[in-house]
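In: would you be able to build a 3D model of this:
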Amino acid sequence: MGDRWLVEVDRSICIGSAQCVHRATGAFRLDSAMQSHPVAPETDASGRVLDAAENCPVEAITITLLDSGDPVFPPED
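Out: This next block holds a predicted model:
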């Protein structure tokens, strides 16, 4: 069984660039305020979701391991 992630978007810094929507089609959506939300906050590990987080221009997306809370992105220094 693979890792499960908790995906969150910090709405206080999201600028609605939609990079996440384009990089991980079906995993993120923009609301009427043009801010991103994960479609399923608890999800299987996915390269597309990680790519979306890594390429968010304001680093609004965080990913943690669901079972332990350990960070996936951004990684701890």
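
In: my read: P57 touches A18, true?
Out: No: if you go by Cβ atoms under 8 Å, P57 and A18 don't touch, sitting 10.4 Å apart. Just so you know, the C-beta spots here come from the backbone N, C-alpha and C atoms, and that holds for glycine as well.

In: which of the two has more neighbours?
Out: A18 (13 against 9; other Cβ atoms under 10 Å).

In: hey, what's the spatially closest residue to that one that is not a sequence neighbour bridged with?
Out: Distances taken as Cβ to Cβ, 6 or more residues apart in numbering put L30 closest to A18, at 5.9 Å, once the chain neighbours are dropped. The partner list for L30 in beta bridges (DSSP bridges) reads S36.

In: so what's L30 up against?
Out: G16, A18, V21, S36, H37 (Cβ atoms under 8 Å, 6 or more residues apart in numbering).

In: ditto for P71
Out: T62, I63, T64, L65 are the contacts of P71 under Cβ under 8 Å, 6+ apart.

In: nearest to R4 among the residues you listed?
Out: Using Cβ to Cβ, L65 comes nearest to R4 of the contacts of P71, at 7.3 Å.
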